[in-house]
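A.B. asks: Quick one, what's the 3D model for this:
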Amino acid sequence: MLARLSPRAVFGALFVACAGLIGLAVWMSEAYALTPCPMCILQRYAFAAIGLVALAGTIHGPKGPWGVRFYAGLVALLAIVGGGTSIRHSYVQHFPPEGGSCGVELDYLVNTFPIGEALPKIFQGSGDCSKVDWTMLGLSIPEWALVWFVIFLATALWVGFFRKARA
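C.D. replies: Model (predicted):
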């Protein structure tokens, strides 16, 4: 059955999933009064970037294998970046540093790099990255994000590189 799905349909499903996950994150922030930390926000941006690439792939609907591979490769790359952030976030939760921080202070990064004027608007989270505020089935939010990044990575690799073309 999966072989019958067009790449356009797969990219559309990825977009809907990303939009749903971002909506869920915003809703959870409001409903449970959770303050997102900088790593949470980076994961949200990774989901948003995957969603935008998937939306572009849906709208473009590439017919040839190279176009599909282009969009799938971008989704895979973004899923790896997001997954890496989730792994780091999970590590910080399981082995919190002495001050309960996210590692390098965000203020230091923002003030050190030349684009420091634009970044403060992007990072409005102030939560503690080492704090576990919510779990489901024993997994924290960054661990669930990692599950979704792995699903998106596997889907991108499948649609771009391992899927048999329809006859």
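A.B. asks: From Lys131, how far off is Ser29?
C.D. replies: Noted for Ser29: a distance of 14 Å to Lys131, by C-beta to C-beta, to the nearest Å. Backbone N, C-alpha and C define where each C-beta goes, glycine included.
A.B. asks: helices and strands of this structure: which one bottoms out on pLDDT?
C.D. replies: Across the helices and strands of the chain, the lowest-confidence element by mean pLDDT, DSSP states H and E is helix 119-122, at a mean of 46.
A.B. asks: Low-confidence stretches in the protein?
C.D. replies: Scanning the chain for pLDDT under 70 picks out the ranges 1-3, 99-127, 129-130, 132, 134-135, 164-167.
A.B. asks: 80 instead, please
C.D. replies: Along the chain, the model assigns pLDDT under 80 to residues 1-4, 38, 96-136, 138, 162-167.
A.B. asks: For it, which segments count as strands?
C.D. replies: Along the chain, the segments classed as strands by DSSP state E run 135-136, 139-140.
A.B. asks: Pull up the pairing partners for the last one, direction included.
C.D. replies: Spelled out, that is strand 139-140. Counting by DSSP bridges, the strands paired with strand 139-140 are strand 135-136 (antiparallel).
A.B. asks: on that earlier part again, from the strands of the chain, which stretch is densest packed?
C.D. replies: Highest mean neighbour count of these: strand 139-140, a mean of 17 (counted as mean count of other C-beta atoms under 10 Å).
A.B. asks: Tell me the helices and strands packed up against the lengthiest helix in the chain.
C.D. replies: Identified as the longest helix of the chain according to DSSP state H is helix 65-94. With contacts defined as 3 or more C-beta pairs under 8 Å, 6 or more residues apart in numbering; DSSP states H and E, helix 65-94 has these neighbours: helix 7-31, helix 38-60, helix 141-157.
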